[in-house]
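Trainee: what would the 3D arrangement of this be:
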Amino acid sequence: MKDSEPINLSGKRSKSTKPIDSKIIRSQLKDTLKIKKEEIQKLSYEKSLSELDAIILELQNDNVLLEQLELSYLQGKLYLEHCENLLEVIEQEVIEIDAQAFDELIE
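Mentor: Next up is the predicted model:
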């Protein structure tokens, strides 16, 4: 094999493997995540948590392709952030309700 032949993800040289353009991949990944984030924003806490669980199970599978690993991780992070944001909103509402109830009790 010639040194000029590209190396595939398994570390072996291959004539059929084209060099990966990381700028194109990053751009596609960014676009995909932007769309996914907009979709996730519309989901309930329960649905987001369910999707996050599915991603965790997928990542625990030894058969996950390397190319899919980063995308799955980042999607999982988006679901987790959405769940955390929803919980913060509910927590704030509970605090406000609790404060109002306390004020009513002492009046």
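
Trainee: got any ranges where the chain has weak pLDDT?
Mentor: 1-20, 105 (pLDDT under 70).

Trainee: mind listing what the residue nearest the centre of the chain touches?
Mentor: Centrality entry for the chain: nearest residue to the mean C-alpha point is Q75, 1.6 Å, by C-alpha atoms, centre = their mean. Q75 is in contact with L33, K36, I55, counting by C-beta atoms under 8 Å, 6 or more residues apart in numbering. Where C-beta positions appear, they are placed from N, C-alpha and C, glycine not excepted.

Trainee: host element of it?
Mentor: Following DSSP states H and E, one finds Q75 within helix 66-106.

Trainee: stretch 45-63: which residues count as buried?
Mentor: S48, L49, E51, L52, I55 (16 or more other C-beta atoms under 10 Å).

Trainee: of those, which belong to helices?
Mentor: Applying DSSP state H to the buried residues of stretch 45-63, the entries found in helices are S48, L49, E51, L52, I55.
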